[in-house]
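Student: Got a predicted structure here, sequence first:
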Amino acid sequence: MSLPLWTLRFPQKLAKALAFLRHPLSSRKRKAYRASQIEALELGRYIRTRPQADPVFGMLSLQKKNILHQSTDGGPNPTVRRPSISAIVPNYNHARFLEERVRSILAQKHAVDEVIILDDASTDDSREVIRRISAAAPVPIITAFNETNSRNIFKQWNKGLSLASTDLAWICESDDSCDPNFLDALAPYFDDPSVMVAFGRVEYIDANGAHLDDKNGHMARSNFWREPRIESARAWFNGPFAARNIIANVGGCVFRRQQILPALMDELQSYKICGDWFLYSRLAHGGRIAYEPSARAYFRQHGQNSSVISRKSEAFYDEHLRIARALRRHYGTPEKILELLLQNAWMQCGSHLGRDAARKFAQTDPLRDIMTEKRTVPHIIITMPENADGELMKQISSEAESISSQGGDAAILIYAPVATAIGLRPQIEPHIPIFSREVLQHLGPKTFLQEFGVSSVISLAPRSDAELRDACSKLGLSHFDRPRQDSEKL
């Protein structure tokens with residue numbers, strides 16, 4: 001049986017030739033270079049299809065523009081406050097790395113507000129190290145020790161989130177490290193009330209903390225990763241974040257603190273290897289994801305990393321197929337991008353398990369089956385007038401929570417300046433993105449609905465919704481006028 005066409009596409013052939021010319025004597029370097037070139041060629045096509053950058057929430061760094069820190073009259077915006085951050089450190093038998101990990105957290109220029117250290121029944125002297133660290137720390141340290149191993153890292157992550165009390169969460173694997181400016185570079189992006197996740201560059205260090213050469217890695221090779229970017233979650237998961245897990249280590253990102261709902265937790269625990277990739281897609285909901293290249297996190301390679309060992313397991317490649325199906329259900333990810341996901345998995349399979357295993361993986365031709373998946377996760381926008389009172393706020397929050405509890409993505413569009421949207425952020429559950437009128441005005445109603453993959457609109461601001469209602473009609477989307485409810489009905 002021959003291999004399917006997606007294994008023989010032109011970008012791969014071209015990348016293979018370029019890799020041979022660049023590294024004729026090194027098979028290892030050829031493979032790395034080929035992978036990076038395939039991504040660069042595919043991302044070039046992706047970039048050309050992107051809409052023009054948003055002048056308020058566009059490609060330039062919010063730190064440089066500082067727009068969100070200004071009020072409508074140009075003065076300081078009193079509604080913007082420093083976001084509080086919890087560092088969650090799940091640990092299992094990493095006593096030798098724990099002190100360095102916690103030092104890298106406490107050394108952050110943007111200080112964390114609390115550190116939560118979870119020990120999953122370690123058999124080394126981790127708990128003694130944790131107690132010593134806790135006694136000397138300048139910020140509150142919350143500890144939680146398991147008497148038996150949970151056998152699932154995602155249970156530990158969710159436990160840490162349940163103990164946190166801040167705006168943002170930063171899960172820091174206990175054997176990794178980071179640059180002191182990591183949080184300072186990422187935290188300002190959350191001034192945008194629609195940003196749900198922000199991530200930086202993940203670089204590699206050895207067991208002793210020395211930096212490893214990663215010049216052939218996909219982020220090092222592609223110009224796409226050299227500038228800050230703020231894109232809709234749908235754009236990311238219809239582009240580079242669908243081709244591969246671009247946050248190679250969870251410590252490389254920060255996200256709005258939120259609990260993982262039971263149904264989602266059940267699905268997450270069914271993953272052994274690629275669960276973090278799946279979780280990122282869910283944490284983003286229908287909002288935005290920001291990338292800042294100056295934020296550096298360090299992923300330690302010490303021979304016992306589960307991510308390294310996993311590549312020698314067939315489950316690693318089976319879970320890539322599950323991710324592809326999940327992205328189809330959530331974001332309707334297109335075939336061309338999922339082909340790249342399969343190519344990346346196929347090449348890794350050949351590299352780690354051999355040609356026979358890679359051929360077997362490809363001959364099942366999973367793409368045809370994956371493309372039968374229909375989008376089942378709706379993204380529903382709830383519109384809100386600028387002068388909404390407390391009762392209407394309750395109704396909007398109730399609508400959004402109802403959508404979220406049923407597995408959908410809810411977001412709020414307020415017909416007000418960005419400063420007002422920022423002030424609204426603490427009053428709305430953190431997993432619900434908030435868009436200001438500038439986003440709608442810049443993109444236009446039709447492009448806004450398409451860019452964020454909106455399924456339908458619930459109008460609680462009927463006087464302002466004429467253009468949005470017309471755009472829904474042209475795109476064949478549902479638009480519902482929801483009557484205002486009285487407090488007794490709430």
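Tutor: That came through fine.
Student: Poorly predicted segments of the chain, please.
Tutor: By pLDDT under 70, the weakly predicted segments of the chain are 1-2, 5-12, 35-36, 38-80, 214-222, 303-311, 484-490.
Student: okay, which residue is most central for it?
Tutor: The residue lying closest to the centre of the chain (C-alpha atoms, centre = their mean) is Tyr280, at 4.0 Å.
Student: how about the nearest residue to that one, chain neighbours excluded?
Tutor: Once flanking residues are discounted, Tyr280 sits nearest to Ile247: 6.0 Å by C-beta to C-beta, 6 or more residues apart in numbering. (Each C-beta comes from the backbone N, C-alpha and C, glycine too.)
Student: For the one you found, give me its contacts.
Tutor: 199, 202, 253, 276-277, 280 (C-beta atoms under 8 Å, 6 or more residues apart in numbering).
Student: how does it look with 10 Å?
Tutor: Counting by C-beta atoms under 10 Å, 6 or more residues apart in numbering, Ile247 touches 197, 199-200, 202, 241, 253, 276-277, 279-280, 289, 291, 297.
Student: Of those, which is the nearest to Pro262?
Tutor: Comparing these against Pro262 with C-beta to C-beta places Leu279 closest, at 14.4 Å.
Student: What distance do you get for the nearest residue to that closest one once chain neighbours are set aside to Lys155?
Tutor: Leaving aside its chain neighbours, Leu279 sits nearest to Leu268 (5.9 Å; criterion: C-beta to C-beta, 6+ apart). Leu268 is 9 Å from Lys155, where distance means C-beta to C-beta, to the nearest Å.
Student: Name the residues contacting each of those two.
Tutor: Joint contacts of Leu268 and Lys155 (C-beta under 10 Å, 6+ apart) are Ile260.
Student: For the two, indicate the residue with more neighbours.
Tutor: Leu268 (21 against 18; other C-beta atoms under 10 Å).
Student: That one sits in which helix or strand?
Tutor: helix 262-269 (DSSP states H and E).
Student: Now that helix: buried residues?
Tutor: 264-265, 267-269 (16 or more other C-beta atoms under 10 Å).
Student: and of those, the nearest to Arg127?
Tutor: Scanning the buried residues of helix 262-269 for proximity to Arg127, where the rule is C-beta to C-beta, the winner is Gln269, at 25.1 Å.
Student: Next up, the contacts around that closest one.
Tutor: Neighbours of Gln269 in contact, by C-beta under 10 Å, 6+ apart: 150-155, 158, 260, 275.
Student: Which residue ranges of the stretch 151-300 of the chain form strands?
Tutor: 168-171, 177-178, 195-206, 229-232, 253-256, 288-301 (DSSP state E, counting those that start in this stretch).
Student: can you redo those strands as TSV with mean neighbour count and distance to Ser122?
Tutor: Supplementary listing: those in TSV, determined by neighbours: other C-beta atoms under 10 Å; distance: least, C-beta to C-beta, whole Å:
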stretch	mean neighbour count	distance to Ser122
strand 168-171	24	18
strand 177-178	24	19
strand 195-206	22	22
strand 229-232	24	38
strand 253-256	26	25
strand 288-301	23	17
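Student: for those strands, which one sits closest to Asp124?
Tutor: Of these, nearest to Asp124 by C-beta to C-beta is strand 288-301, at 16.2 Å.
Student: would you turn the buried residues of helix 262-269 into TSV with distance to Gly444?
Tutor: What follows is the buried residues of helix 262-269, written out as TSV (distance: C-beta to C-beta, whole Å):
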residue	distance to Gly444
Leu264	33
Met265	38
Glu267	36
Leu268	36
Gln269	42
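Student: which of those residues lies closest to Ser122?
Tutor: Gln269 (20.8 Å).
Student: In this structure Gly200 contacts Ile289, no?
Tutor: No - between Gly200 and Ile289 there is no contact under C-beta atoms under 10 Å: 12.0 Å.
Student: and for these two, which residues touch both?
Tutor: With C-beta under 10 Å, 6+ apart, Gly200 and Ile289 have common neighbours 247, 253.
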